[in-house]
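Participant: Give the three-dimensional model of this entry:
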Amino acid sequence: MTFRPLAERTWREHSNDATRTLLVPLGSFEQHGPHLPLTTDTVIATALSRRVAERVDVDVAPAIPFGASGEHQGFSGLISLGTDVVATVVLELLRSTRESWQRVVLINGHGGNMEAVHRVLPIATAEGSDVAAWFPIWRGGDPHAGEVETSVMLALDPTVVRRDAIADYPLHDGDMRAVREQGIMAVSPTGVLGSPSRATAALGQRVLDQWVEEIVTLVRDGEERV
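Facilitator: Numbers count the residues shown, from 1 in each chain. As a prediction, this is how the structure comes out:
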């Protein structure tokens, strides 16, 4: 059976054998410096999910576009649900998907969602969900709106990167502790934590390729266990 994209199907066009895997992109709506869109995390999580779907036979859900982003309080444009609400949303989503999908893989594009996801995974597993989660890691990468994220966005869509607004904020000792305790505004007035001026589309493509491979491996490992 050839499947339409999930968002375009009717319920009758969905597979009724409940053996498929569903990818769920988790994003956020928050500042990414003066040079990247508020939707950056959602854009990246969605792009990764779609690229994985080109490699393995999975379904891709519409992204959850809001996350737990309280650390960005003070910057214009923030829409945040908070950790407790994100945890509840993800848990209820997993409960609802058990009848239609055998397995769910959460593709998390936002670091602020990690606490909520880690909180939910053991609960959902105990309830009977087959669920895994992927988190973006790039060795030596900077934390926020820096070289890595800017590079990925250059690789995905350079037209949304405001190159003339790029400004670095090199991290200093104690900065990340201050971010955790007081939020990003207390450390960086632009919202940048890192060096976006070093970003290149070539690096972004390497990052995307590696992350896609990680997710494909995660999906295939789950299929082998079944």
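Participant: so how far is the longest helix anywhere in the chain off the chain centroid?
Facilitator: Criterion DSSP state H: the longest helix present in the chain is helix 201-225. Using C-alpha atoms, centre = their mean, to the nearest Å, the mean C-alpha position of helix 201-225 is found 13 Å from that of the whole chain.
Participant: Counting by contacts, list what that helix packs against.
Facilitator: Other elements packing on helix 201-225 under the criterion 3 or more C-beta pairs under 8 Å, 6 or more residues apart in numbering; DSSP states H and E are strand 21-26, helix 40-53, strand 103-108, strand 131-134, helix 147-156. Glycine gets a C-beta too; all of them are placed from N, C-alpha and C.
Participant: Give me the helices and strands touching the second one, please.
Facilitator: Using 3+ C-beta pairs under 8 Å, 6+ apart as the contact test, the elements touching helix 40-53 are strand 21-26, strand 59-60, strand 103-108, helix 147-156, helix 201-225.
Participant: before we move on, what about the third one?
Facilitator: Contacting strand 103-108 under the criterion 3+ C-beta pairs under 8 Å, 6+ apart are the following elements: strand 21-26, helix 40-53, helix 83-97, helix 114-127, strand 131-134, helix 201-225.
Participant: still on that earlier bit, who's in contact with the longest helix of the chain?
Facilitator: If you take C-beta atoms under 8 Å, 6 or more residues apart in numbering as the criterion, helix 201-225 is touched by 21, 23, 47-49, 51-52, 55-56, 58, 103, 105, 107, 130, 132, 134, 136, 138, 147-148, 150-156, 158.
Participant: Which pLDDT does the model give residue 168?
Facilitator: Note for residue 168: predicted pLDDT of 97.
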